[in-house]
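1. Give me the fold of what follows.
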Amino acid sequence: MGNEFDIIIKNAKIVDGINKTFEGSIGIKNDRILELGRIDSESKITIDADGLYAMPGFVDPHSHGDWGLPYYPECQSAVMQGCTTIVGGQCGGSPAPLEEYMRPPGVLYDEVYQRNPYLYHSPTLMSIDEVNEIHHEKFGWNIEYRNMAEYIAFIIEKGISINYVPLLGHGTVRFAVMGKDYKREAEINEIDSMKELIHQGIREGCRGLSAGLDYDPDVFASRMEMEQCVQVLKEYDAVYSPHWRRTGRRRNIKMGSYSAEPIEGIREVIDTARSTGVKTNIAHLAPGWSTNAPMTQEIGTSIGKSTLDPIDEAISNGDIIGFDVIPWQCWEPLPYLCSLHFTQWLRLLGSRDKLAEWLKSEEFRKKAWEEIESGELFQRLVINPCINPHWSENLIIVQHSEKEYFGISLKEASEKMRKSPWDTLCELIILDPNSKGSHTDYRGIEAQMKEFFKHPLGAVGLDVGISDNNDIEKKFPPYAIPLPDQFSGYPKFFMRYVRDSDFLSIEEAVQKCATVPAKTFKIKDRGLLIPGAFADIVLMDLKKLGIPGDPEISNEYPTGIKHVLVNGIIVVENGKHTGNRPGSVLTLQDTI
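-> Here you go, the predicted structure:
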């Protein structure tokens, strides 16, 4: 008799994250893996993994799930697809530090829009008192935390089902220092105050700093400000993870406005990494070049490779340590075709049916189009006519009462109707006010993204929040719903690139979903199945991996993720959440 284990996983095909797969068993004691291979010892719990792959729990290097942890502590949308660790605080937004103002949590957007029906886009800042008035009415408690130490303590006390790696958001820091007067470059004394808050946040446990250089308020930050703030990380050997300048400010974009080529934003990040000596992960890498020519496999591959050229040079110099990539082939659903282009009118008119009646008026259509041309309305970039000449190609009709329009693009529908894309959109809504859509990303041609996924330092990052799948559609325009990746991004990645093609081996896919991001963010003893590692484990039936309903718009939990363990505790058993909350907050003090 050897050790008695708490759990033994028997008969698994073990993918260890070191590029090796072998059959055997995994012995777990407390929160650690003690033994792999042939195990003859006894255990309190035995899991028969015959026909299943055992792999390290997935580590999402680019998550906005930290905003959802207080409201969805079971983290179902993450853990049910095999994600056991998230790196939060991305795109410049962390839950703290807070002073007078804060961004209201997304769970309050219905209530915020009801109070402010004329908002063109999601609110940037509200006073904490105003947020708490709404928050307490809905949830019965106030947001009391003001710094990351208090937020981390709050999350630990609540208990969560997965692990959380906190980053500090430069945008949140900038708001704390500049308040509503943020639409300008910061003064030297303000930068000094930001640096003090960054020191504080890192000492409180944040593992690095993020930035959102296309978003308010970071879009107004100078290079000098960013370099000085990033420089603080050097003292702590912490990581910088920027949403780089890719599109420019995503508000007030007038018709015909185009930003610089995205490669300039990548070069800025590389320059900052080089000048500060801070190890940098490039967040959600996208193609650095755009083209008006018809996209082909050859052009896409060439753009992907040329995007990687300066990154590879920076990697060889030790400035860049990794990048993450969103599986762009997963589309973003529009609850209704009218959701985004007509949000404000929906609020004022009160229903989709009334909007459809108004759209019969040529004068109303013209007025609505003029509002969009003005740039005041905030549209998703991929379907924004002001900046994207291909917007009608990217808007896909996924549900319509007139079957001839089902599954085609708005451009194709406009060719059928022999009308402009705008008039066609209006006609489609008139015909069926409840018609639904989805959109692709015009920058995300798959040939380009495959170049990124093939790269040894390319990790899979989902760029989503955390929730469950109950009552997920908001009740007030734009009727926001979560992205499909929030529920099934990892399964779709394995289905598309491992099971249904030979693009990646299962060993390579596991490295990109677990091993590489764990190493990039210095997450100790995770991302591998080896003795001594934490027992974050996914048991996957690759053959039965699937997405209920339409995989491009589904907000259902995937099939084929049989069991998930977090820190040696079973959180998903036979595809069902157990209610256990064994997750940890992995602070800088837990670094390798």
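
2. Now do the contacts for the nearest residue to residue 526 once chain neighbours are set aside.
-> Spatially, and ignoring its direct neighbours in sequence, residue 526 is nearest to residue 518 (4.8 Å; CB to CB, 6 or more residues apart in numbering). C-beta coordinates here come from the backbone N, C-alpha and C atoms, glycine included. Contacts here follow CB atoms under 8 Å, 6 or more residues apart in numbering; on that basis residue 518 touches 56, 59, 85, 526-528.

3. one more time with 6 Å, if that's ok
-> 59, 526-527 (CB atoms under 6 Å, 6 or more residues apart in numbering).

4. My read is that residue 572 contacts residue 564, right?
-> Yes. Judged on CB atoms under 6 Å, residue 572 makes contact with residue 564 at a distance of 3.8 Å.

5. more neighbours, those two?
-> residue 564 (29 against 25; other CB atoms under 10 Å).

6. What's the separation between the more buried one and residue 486?
-> In this view, residue 564 and residue 486 are 16 Å apart by CB to CB, to the nearest Å.

7. How about residue 244?
-> In terms of CB to CB, residue 244 sits 23 Å off from residue 486.

8. go on, residue 155?
-> 19 Å.

9. Looking at these two, which one has more neighbours?
-> Between residue 155 and residue 486, counting by other CB under 10 Å, residue 486 is the more crowded of the two (25 against 21).

10. Find the nearest non-adjacent residue to residue 392, please.
-> In space, residue 392 is closest to residue 421, 3.6 Å off (CB to CB, 6+ apart).

11. Could you count how many residues lie near that neighbour?
-> Quick note: residue 421 (other CB under 10 Å) scores 19 neighbours.

12. Correct me if wrong: it contacts residue 394.
-> No. Residue 421 lies out of contact with residue 394 (CB under 6 Å); the separation is 10.8 Å.

13. tell me what the longest strand belonging to the chain is packed against?
-> Taking DSSP state E as the criterion, the chain has its longest strand at strand 5-15. Packing contacts for strand 5-15, counted by 3 or more CB pairs under 6 Å, 6 or more residues apart in numbering; DSSP states H and E, involve strand 21-29, strand 43-48, strand 53-56, helix 506-510.

14. can we see that at 8 Å?
-> strand 21-29, strand 32-37, strand 43-48, strand 53-56, helix 506-510, strand 537-540 (3 or more CB pairs under 8 Å, 6 or more residues apart in numbering; DSSP states H and E).

15. Dump these to TSV, plus mean neighbour count and distance to residue 347.
-> Below are the helices and strands packed on strand 5-15 laid out as TSV (neighbours: other CB atoms under 10 Å; distance: least, CB to CB, whole Å):
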stretch	mean neighbour count	distance to residue 347
strand 21-29	19	52
strand 32-37	19	53
strand 43-48	15	50
strand 53-56	27	45
helix 506-510	21	43
strand 537-540	27	42
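
16. Can I get those in a markdown table including distance to residue 170 and mean pLDDT?
-> Formatted as a markdown table, these follow (distance: least, CB to CB, whole Å; pLDDT from 0 to 100):
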| stretch | distance to residue 170 | mean pLDDT |
| --- | --- | --- |
| strand 21-29 | 39 | 97 |
| strand 32-37 | 35 | 97 |
| strand 43-48 | 43 | 96 |
| strand 53-56 | 30 | 99 |
| helix 506-510 | 32 | 98 |
| strand 537-540 | 33 | 99 |
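
17. Distance to residue 263 added to these, as JSON lines?
-> Putting the helices and strands packed on strand 5-15 into JSON lines (distance: least, CB to CB, whole Å) gives the following:
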{"stretch": "strand 21-29", "distance to residue 263": "38"}
{"stretch": "strand 32-37", "distance to residue 263": "42"}
{"stretch": "strand 43-48", "distance to residue 263": "48"}
{"stretch": "strand 53-56", "distance to residue 263": "33"}
{"stretch": "helix 506-510", "distance to residue 263": "27"}
{"stretch": "strand 537-540", "distance to residue 263": "36"}
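
18. So which of the ones you listed is nearest residue 176?
-> Between residue 176 and the helices and strands packed on strand 5-15, the tightest spacing by CB to CB is seen for strand 53-56, at 36.1 Å.

19. ok, what's across the strand from residue 438?
-> residue 333, residue 396 (DSSP bridges).

20. For the remainder of this discussion, apply numbering that starts at 526.
-> Got it, first residue is 526 now, which makes that one residue 963.

21. how far away is it from residue 934?
-> Taking CB to CB, one finds residue 963 at 10 Å from residue 934.

22. which neighbours do the two share?
-> 920-921.

23. Could you pull out the helices in the stretch 726-875 of the chain for me?
-> Along the stretch 726-875 of the chain, counting by DSSP state H, counting those that start in this stretch, helices occupy 748-756, 788-801, 822-841, 868-874.

24. Can you find the helix or strand in the chain with the smallest mean pLDDT?
-> The helix or strand of the chain with the poorest confidence is strand 857-859; it has a mean of 69 (mean pLDDT, DSSP states H and E).

25. pretty sure residue 1012 contacts residue 1080?
-> Yes. Using CB atoms under 8 Å, residue 1012 is in contact with residue 1080, at 5.5 Å.

26. Spit out the residues that contact those two alike.
-> With CB under 8 Å, 6+ apart as the test, residue 1012 and residue 1080 both reach residue 994.

27. how near is residue 1036 to residue 995?
-> 34 Å.

28. These two: which is more packed in?
-> residue 1036 (27 against 7).

29. Surely that one and residue 545 touch.
-> No. Residue 1036 is not in contact with residue 545 according to CB under 8 Å; the separation is 10.9 Å.

30. Show me where the stretch 526-675 of the chain dips below the pLDDT cut-off.
-> Applying pLDDT under 70 to the stretch 526-675 of the chain picks out residues 526-528, 643-648.

31. picking that back up, check contacts around the residue nearest to residue 917.
-> 910, 916-917, 935-936, 939.

32. Tell me which of these fall in helices.
-> Among the contacts of residue 946, the members falling in helices (DSSP state H) are 916-917, 935-936, 939.

33. Now render these as CSV, adding pLDDT, distance to residue 672 and neighbour count.
-> Formatted as CSV, the ones in helices among the contacts of residue 946 follow (pLDDT from 0 to 100; distance: CB to CB, whole Å; neighbours: other CB atoms under 10 Å):
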residue, pLDDT, distance to residue 672, neighbour count
916, 86, 42, 24
917, 90, 46, 21
935, 94, 46, 24
936, 95, 49, 16
939, 97, 52, 19
